[in-house]
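S.K.: Structural data only, the sequence is not supplied:
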């Protein structure tokens, strides 16, 4: 199995200004292509730290992929640091200037001196032309190991990885091993209860297969990972053990899709042509925000009411004020009236409603912080469930969202 | 300046299954507290790689903060690897068991053997009780350097950082000098325009004071940071230069409070005793979720409508369907009717309404992706503004939220 380290360079990554989604995408693609990302390192735009990171990386892996720090401005020093590390110098490259000219003309910009400087490249490397930007990709080999420097701009990086870097790595490491993942969303267990349940299964897993527990608010994501030189063999044992796991957990497995729950529901709603409306109290708009973060959700998402006050529950969702009085806003009857109201006012096929006490205040002995009622509906079918989550506001909101989505997923599938 | 390395542990971070937002949040908080994050390293759940990462980190920084890999299940090996690294063993700790019991009872779960095993802690460390979960925080010191292991679950990590780790680090490193920050929210500038405007100011800053630009969606956060051994001297020069900056930017400064905009508005609404209602189209519930993430927001937050469909704009918010027909849903008249509707249906003193094209689809030549109309109201006063943000859905949603909050802040202050 070829081991890879990703090094991301940039001060903005170290002061919490930018979330590093590049390396997440790279890891996914490299995994699919059968490479093993073993380390990720982030350093700032300064020479000693970058040199140190290169040295560390080459001491432990065969391939180092470096993103960022190759723009034309003064603060970008990756290129000259690479020259220092590989003991080489910058030379002018006509082919690179040609590419830079083409790229610049595509953006309707003029070529200035700063941009021209991108055509100076390290002498001792293979230059790969970047068709999406002005910074060339550079590929170094030393003592049988490979270092590739590429842009940090996401769409340039993605183009370079897909079109140049991964295909070239595959050519170099033709005899690479295979890697397979299988993921399961599991309900009804805490992490330790599930580990108890799966103890024998886990102990009996063969060497190349590992089980990991990824607790997500309100549910658990289980991941089986197999690594082996023989892909066909791996496929067989992964199939076998994924099957065993499915049998063991049976209906507690909510989904075997490797995606966030809202994406799984998004796909299902689109596939079935169903529309969705929401009525949120304690989740306060978070559930709506999860769906509306997905491009194209307007195909099914009609809207939601964040009925934080009791008046809003009555006037907008049609909840009976006497029931709020008698049973409280966090009760089965109120949440069921909320879900019916949401379906009705949005003219939606499906609805999710949540009412609970997110905390930290507002709890009572009978209804402590973490008490949540969730209802889901599909046409005239309705399902509601009581939960007692935790003392953390953030966690209660996320658990309620995940469980609401999970309940609707199940209701639609059972229909 | 104390240098810190963040080590995140978990296979899920190396196969691209999870986006690491923990280290982003940690870097922000550590920065505010005057610490310098110099490296981030991610390794999988395997002993040699974790040991190697500890060794590397301690060779280059004073403080190593480790997240993840301390759950009770077999795949979590950080605790036993820490024992190996610090040449110590696990011992049973009664106080930790007591905390685990409390936490478990808060979650209404039974204590099983696996969970009990969390009470085994390394002998040679300070154990910090985790009030949010079952995995204790462990604090090691060696040769004047510090290694802290904490949970990777975001809300547990955040609790641990804010309540225990940062305060303790500040106590340990108190004698290293004083740090002062002054933060300003600035509107009407792009980052490079603002850098142009402040060039002279920045060049004239004395040695211990530095200016940082923190572009936040739709606004810019400016941070003046001063570091000096003499706190009184520092207070004086910070006061002087913060004053200069205020004079320079004048009314383009939205706020000099060092908090997220929704927290600033939350405080203002509570102080003035005003209530809030929302009408969201393209922000899709995100604005409501920002407020409802704040404990105690029910004091002023009445509710919101996520009117994703035109029908919902008409039936729930009372928007005139002919105006939607004639001017489009993303228009001044529609967003103004939305804000009036939100004020009315929630019986709220203030309201924010947003209608826009978040993208990636749905744009037209006249109204490209990124076109957003925002309206805010306070009693019978109403203000609306047109924006053209970006091509990124995520960025458009966040920019719209921040500008909506900013506009209402200003409307209330001017009243």
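M.R.: Good, I have the coordinates. Keep in mind that this is a model prediction, so the values were computed, not measured.

S.K.: For stretch A:279-293, what is the distance to the chain centroid?
M.R.: Averaging C-alpha coordinates over stretch A:279-293 and over its chain gives two centres that are 19 Å apart (CA atoms, centre = their mean, to the nearest Å).

S.K.: do it and chain B meet at all?
M.R.: Yes - using CB under 8 Å from any CB of the partner chain, a contact is recorded between stretch A:279-293 and chain B, made by A:280, A:282-289, A:291-293. Where C-beta positions appear, they are placed from N, C-alpha and C, glycine not excepted.

S.K.: Tabulate those residues in TSV, adding columns for neighbour count and pLDDT.
M.R.: Formatted as TSV, the entries for these read as follows, by neighbours: other CB atoms under 10 Å in any protein chain shown; pLDDT from 0 to 100:
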residue	neighbour count	pLDDT
A:280	34	98
A:282	27	96
A:283	33	97
A:284	30	97
A:285	32	98
A:286	23	97
A:287	28	98
A:288	33	98
A:289	26	97
A:291	26	98
A:292	27	97
A:293	18	93
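
S.K.: Would you map the strands across the stretch 301-415 of chain A?
M.R.: Counting by DSSP state E, counting those that start in this stretch, residue ranges of the strands within the stretch 301-415 of chain A are A:301-306, A:350-356, A:371-378, A:381-388.

S.K.: If I take the third one and strand A:381-388, what angle do their directions form?
M.R.: Put simply, strand A:371-378 runs at 160 degrees to strand A:381-388, going by axes from the mean of the first three to the mean of the last three CA atoms, to 10 degrees.

S.K.: Please spell out which residue in chain A sits farthest from the middle.
M.R.: Note on chain A: the largest C-alpha distance from the chain mean falls to residue A:322, namely 43.8 Å (CA atoms, centre = their mean).

S.K.: And it, how far from chain B?
M.R.: 20 Å (CB to the nearest CB, to the nearest Å).

S.K.: For residue A:32, give me phi and psi.
M.R.: When quoted as degrees, to the nearest 10, the phi and psi of residue A:32 stand at phi -60, psi -40.

S.K.: nope, residue A:120 is what I meant
M.R.: Per-residue torsions, residue A:120: phi -90, psi 120 (degrees, to the nearest 10).

S.K.: wait, it sits on residue A:89?
M.R.: No - in this structure, residue A:120 sits apart from residue A:89 without contact. The criterion is CB atoms under 8 Å, and the distance is 9.3 Å.

S.K.: Compare those two and say which is more crowded by neighbours.
M.R.: Here residue A:120 and residue A:89 are compared on neighbour count by other CB atoms under 10 Å in any protein chain shown; more neighbours surround residue A:120, at 18 against 12.

S.K.: Identify the residues contacting the more buried one.
M.R.: Contact analysis of residue A:120 by CB atoms under 8 Å, 6 or more residues apart in numbering or on different chains lists A:90-93.

S.K.: what comes into contact with the worst-scoring helix or strand of chain A on mean pLDDT?
M.R.: Within chain A, judged by mean pLDDT, DSSP states H and E, the helix or strand with the poorest mean is helix A:113-116; its value is a mean of 79. With CB under 8 Å, 6+ apart as the test, helix A:113-116 has contacts from A:72-73, A:97, A:100, A:104, A:134.

S.K.: Looking at these, spot the one nearest chain B.
M.R.: Distance ranking of the contacts of helix A:113-116 against chain B, using CB to the nearest CB, places residue A:73 first at 10.8 Å.

S.K.: Now for that closest one: which residues touch it?
M.R.: Contacts for residue A:73 (CB under 8 Å, 6+ apart) come out as residue A:114.

S.K.: is the closest residue to residue A:385 other than its chain neighbours in a bridge, and if so with what?
M.R.: Ranked by CB to CB, 6 or more residues apart in numbering or on different chains and with sequence neighbours excluded, the top spatial neighbour of residue A:385 is residue A:374, at 5.5 Å. Residue A:374 forms beta bridges with residue A:354, residue A:385, as assigned by DSSP bridges.

S.K.: And for residue A:374, the neighbour number?
M.R.: For residue A:374, the neighbour count with other CB under 10 Å is 28.

S.K.: Surely it and residue A:405 touch.
M.R.: No - Residue A:374 sits out of contact with residue A:405 when judged by CB under 8 Å, with a separation of 9.8 Å.

S.K.: list residues touching both of the two?
M.R.: In contact with both residue A:374 and residue A:405: residue A:352, using CB under 8 Å, 6+ apart.

S.K.: residue contacts, residue A:130?
M.R.: A:99, A:103, A:136-137, A:150-151, A:156, A:159-160.

S.K.: In helices, which of those fall?
M.R.: Judged by DSSP state H, helices contain the following of these: A:99, A:103, A:156, A:159-160.

S.K.: Pull the contacting residues for residue A:198.
M.R.: Counting by CB under 8 Å, 6+ apart, the residues that residue A:198 touches are A:211, A:245, A:248.

S.K.: So which of those residues would count as near chain B as well?
M.R.: Counting by CB under 8 Å from any CB, the subset of those that neighbours chain B consists of residue A:211.

S.K.: now, among the contacts of residue A:198, which is nearest to residue A:42?
M.R.: residue A:211 (28.7 Å; CB to CB).

S.K.: helix or strand for that closest one, which one?
M.R.: Secondary-structure assignment from DSSP states H and E places residue A:211 in strand A:209-216.

S.K.: What lies in contact with that strand?
M.R.: Contact with strand A:209-216 is made by A:191, A:194-195, A:198, A:201-202, A:205, A:220-226, A:237-238, A:241, A:402, B:11-12, B:17-18, B:45, B:71, B:73-76, B:153, as judged by CB under 8 Å, 6+ apart.
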